[in-house]
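Novice: next come a sequence and a model predicted from it.
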Amino acid sequence: MLFKDVLGLEHLKNHLVSTAESGRVAHAQLFVGREGTGTLPMAVAYAQYLLCGNTGGENEGGDLVCNAKCDSLTHPDLHFAFPVSTSDKIKSHAVSDHYLEDWRQFVKEQPYGNLFDWYRLIGIEKKQGQIGVDEAQDVVKKLSLKSYEGGYKILIIWMAEKMNIAAANKLLKLIEEPPNKTVLLLVAEDEEQIINTIRSRCQILHFPPLSESAIAKALIHKGLRESEANSIAHEANGNFNKALDLMNKDSEDLVFERWFVQWVRSAFKAKGNKGAIQELILWSDEVAKTGREVQKQFLNYCLSAMRQALLLNYSAQELVYLKIHMEKFDLSKFAPFVHEGNIEQIVEELEKAIFHVERNGNSKIIFTDLSIKLTRLLHAKAA
């Protein structure tokens, strides 16, 4: 993957090229950006730039054989670590090497994809993957060997916040004192979840959301009309992965939207109506049957929807990007029920639910409890 294949972010590309050309490559770097901003494609493009000895401001030319190996992600000095779990294929001690073919397919087809896209591809969407101590041992063993082609050895750790404590501690010495010409590129969405001892030893690059113009241009290149591309780019809010899903009408947000609308409608009806409580319990059952990653994504969607409703309530329309596609549900009519008198509690309850889902709480109880609380909060008076 070349820098030109990465959308936007010219200032970051220029920084990475200048560090490589001046020979001032930090041995441990942390690329931080939310979903769809291009952290993974940028890491792969940077690794290819370092490995293939290219010159100039773009990683074209250079060693053609090396570039071909990097394009297929088969270069012997380019290594990957990413969250995995046991599956029908791998019954125990799952590590990244077991899923390398799937990973190459994922990076080729969905370089801007999120964690759930990856889990779905390898059939573990109902589990919570991690980068465990077995993975860390593999990494230490690989990077202790000499470079196969005499240049850099590069390890890209995708979703580095999914390292458990044992793995992080195992990799700490490697990050502190790496072998000569070894570069570790950690890619994360939430740097706060990475232990301090690792974070403090990395050079951190923060990736901003992609511009609407960059996303729209890429969508037009894929065949969309300009008006439709601009509309999707605005709704995507800097997330190219979401833009692609909306273009293909394959966004999980469309399912989350249906759940959200059903949820708030039942919550409104539930005040003084015992029959509506049964609707909320049935709704909780439906959501609880899905995997934990789906549940966390849905709760994050609800957080975003509530914040967007608050902005709409306070007449900040220019900051509102969320679009509800379902008929007969108008976000502007829902917005007055989200205000200064309840927004803090609503956010607190949603974040608590995410916390309990992550820790394998009983999903049916979590969502039923959250639904009953939402019923009370949505009927709270504004201050």
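Specialist: Great, that's in hand.
Novice: mind listing the helices for the stretch 201-350 of the chain?
Specialist: Shown for the stretch 201-350 of the chain, the helices assigned by DSSP state H, counting those that start in this stretch span residues 212-221, 226-236, 240-247, 252-269, 274-288, 292-313, 331-334, 343-358.
Novice: turn those into TSV, including distance to Asp97 and mean neighbour count.
Specialist: All C-beta spots, glycine's among them, are computed from the backbone N, C-alpha and C. Formatted as TSV, the helices of the stretch 201-350 of the chain follow (distance: least, CB to CB, whole Å; neighbours: other CB atoms under 10 Å):
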stretch	distance to Asp97	mean neighbour count
helix 212-221	32	18
helix 226-236	34	18
helix 240-247	25	22
helix 252-269	29	18
helix 274-288	34	15
helix 292-313	22	20
helix 331-334	46	15
helix 343-358	27	16
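Novice: can you list those in a markdown table and add mean pLDDT and distance to Ser92?
Specialist: Listed next are these as a markdown table, based on pLDDT from 0 to 100; distance: least, CB to CB, whole Å:
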| stretch | mean pLDDT | distance to Ser92 |
| --- | --- | --- |
| helix 212-221 | 90 | 41 |
| helix 226-236 | 87 | 39 |
| helix 240-247 | 88 | 31 |
| helix 252-269 | 84 | 30 |
| helix 274-288 | 84 | 28 |
| helix 292-313 | 89 | 20 |
| helix 331-334 | 86 | 47 |
| helix 343-358 | 92 | 23 |
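Novice: among the ones you listed, which is nearest Leu12?
Specialist: helix 212-221 (12.7 Å; CB to CB).
Novice: which elements pack onto the closest one?
Specialist: Judged by 3 or more CB pairs under 8 Å, 6 or more residues apart in numbering; DSSP states H and E, helix 212-221 is in contact with helix 226-236, helix 240-247.
Novice: residues making contact with the first one?
Specialist: It stands for helix 226-236. Helix 226-236 is contacted from outside by 36, 212-213, 215-217, 219-220, 224, 242-243, 246-247, 321-323, using CB atoms under 8 Å, 6 or more residues apart in numbering.
Novice: give me the helices and strands touching the helix or strand where Leu172 lies, please.
Specialist: Using DSSP states H and E, the element containing Leu172 is helix 165-176. Here helix 165-176 touches helix 133-144, helix 196-199, going by 3+ CB pairs under 8 Å, 6+ apart.
Novice: just to check, Gly8 is in contact with Glu212?
Specialist: No. In this structure, Gly8 is not within contact of Glu212 by CB atoms under 8 Å, at 10.4 Å.
Novice: distance of Asn230 relative to Met247?
Specialist: Per CB to CB, to the nearest Å, Asn230 is found 12 Å from Met247.
Novice: before we move on, what about Asp71?
Specialist: 25 Å.
Novice: again, but for Thr290
Specialist: Using CB to CB, Thr290 is found at 24 Å from Met247.
Novice: so where is the stretch 101-250 of the chain shaky, pLDDT-wise?
Specialist: 250 (pLDDT under 70).
Novice: picking that back up, highest mean neighbour count out of the helices and strands packed on helix 165-176?
Specialist: Across the helices and strands packed on helix 165-176, averaging neighbours per residue (mean count of other CB atoms under 10 Å) puts helix 133-144 on top, at a mean of 17.
Novice: packing partners of whichever helix or strand comes after that one?
Specialist: Toward the C-terminus, helix 133-144 is succeeded by strand 153-158 as the next helix or strand (DSSP H and E). On a contact count with 3+ CB pairs under 8 Å, 6+ apart, strand 153-158 meets helix 39-51, strand 78-81, helix 133-144, strand 182-188.
Novice: so what's Asn313 up against?
Specialist: Contacts for Asn313 (CB under 8 Å, 6+ apart) come out as 335-336, 338-339.
Novice: and these, which two are the farthest apart?
Specialist: Across the contacts of Asn313, the longest distance by CB to CB is 8.7 Å; it joins Ala335 and His339.
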